[in-house]
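Engineer: make a model of this:
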Amino acid sequence: MPGDSEDPNADVQYHLEIAPGDVADTVLLPGNPERVEKIVDCWDEGEVRAHHREYRTATGTYEGTPISVTSTGIGSPSAAIAVEELARVGVDTLIRVGSCGAIQPEMAVGDLVITTGAVRQEGTSDEYVREDYPAVADHEVVCALVAAAERLGYDYHTGITTSTDSFYAGQGRPGFDGFEAADSERLLDELREANVANVEMEASAILTLANLYGLRAGAVCTVYANRVTGEFRTEGETRAVETASLATRLLAKMDAKKRAAGVDLWHAGLTLD
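Structural biologist: The predicted model follows:
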């Protein structure tokens, strides 16, 4: 047929409207497009490269290190599209930054949760691989996020995240007019007893696709609500952003150390200045 057509191998990506050279090797992935400008404000400089639907992309530098950000919208289906198209233009590291609900009582609003792995309670990653395939964060990204949180002096926790497709029924909240999904009253208790740290909506799909494609990925989220204590405040939004941005700088230094040492993986025998 005449006219434009969808081509997954085209230079300009169908949804993100970016091309090779528009983004850095490492991209931060918030959900909300409105967070992109707030993220850029934490950097040395940056500019918007594309904006289409829920996907807004900006590129700049943080402490001299190239860095980009692409918003993904809400949920794993749109996040997976972002991962697919960022991979196609050459990105190698992805860090989700966002907010979450904590399900362990000791976690305070404003604390950070750094994901080490995720429960795949979303359907998108099932489209790619068998359901018992693990959603695991890259150990270098986890190390960089922990080091960044330590340097910034932010309270943080590491652990397993659950990613869901539903903000309401899938996270044990009542739906319209008090509707309750089957077993929803036990959902958070079961996750908490399994030592799951928090609940959000994108991490497991991002981690699964990154592992399938040989990319590095991780996630850091600010706690907005503790579902055990009932505490809720939208504060500390920039903590996850600052931590992920500094982690990007630390990852660049780690990569330089690996090259100098002639090794492929970061390990405890290598130190950062």
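Engineer: C-alpha from now on. contacts and neighbour counts both.
Structural biologist: Will do.
Engineer: gap between Val196 and Glu17?
Structural biologist: Relative to Glu17, Val196 is positioned 36 Å away (criterion: CA to CA, to the nearest Å).
Engineer: the more surrounded of the two?
Structural biologist: Neighbour count, other CA atoms under 10 Å: between Val196 and Glu17, Val196 has more, with 22 against 17.
Engineer: mind listing the strands for the stretch 151-273 of the chain?
Structural biologist: In the stretch 151-273 of the chain, the strands defined using DSSP state E, counting those that start in this stretch lie at 156-164, 196-200, 216-226.
Engineer: who are the packing partners of the first one?
Structural biologist: The one in question is strand 156-164. The helices and strands touching strand 156-164, judged by 3 or more CA pairs under 8 Å, 6 or more residues apart in numbering; DSSP states H and E, are strand 112-121, strand 196-200, helix 203-213.
Engineer: repeat that with 7 Å
Structural biologist: In terms of contacts (3 or more CA pairs under 7 Å, 6 or more residues apart in numbering; DSSP states H and E), strand 156-164 is packed against strand 112-121, strand 196-200.
Engineer: can you put the strands of the stretch 151-273 of the chain in TSV and add distance to Leu94 and mean pLDDT?
Structural biologist: Shown next, in TSV, are the strands of the stretch 151-273 of the chain (distance: least, CA to CA, whole Å; pLDDT from 0 to 100):
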stretch	distance to Leu94	mean pLDDT
strand 156-164	16	98
strand 196-200	17	98
strand 216-226	5	97
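Engineer: quick one: which of those strands is nearest Asp41?
Structural biologist: strand 216-226 (17.9 Å; CA to CA).
Engineer: between that closest one and strand 112-121, how big is the angle?
Structural biologist: Calculated by axes from the mean of the first three to the mean of the last three CA atoms, to 10 degrees, strand 216-226 forms an angle of 100 degrees with strand 112-121.
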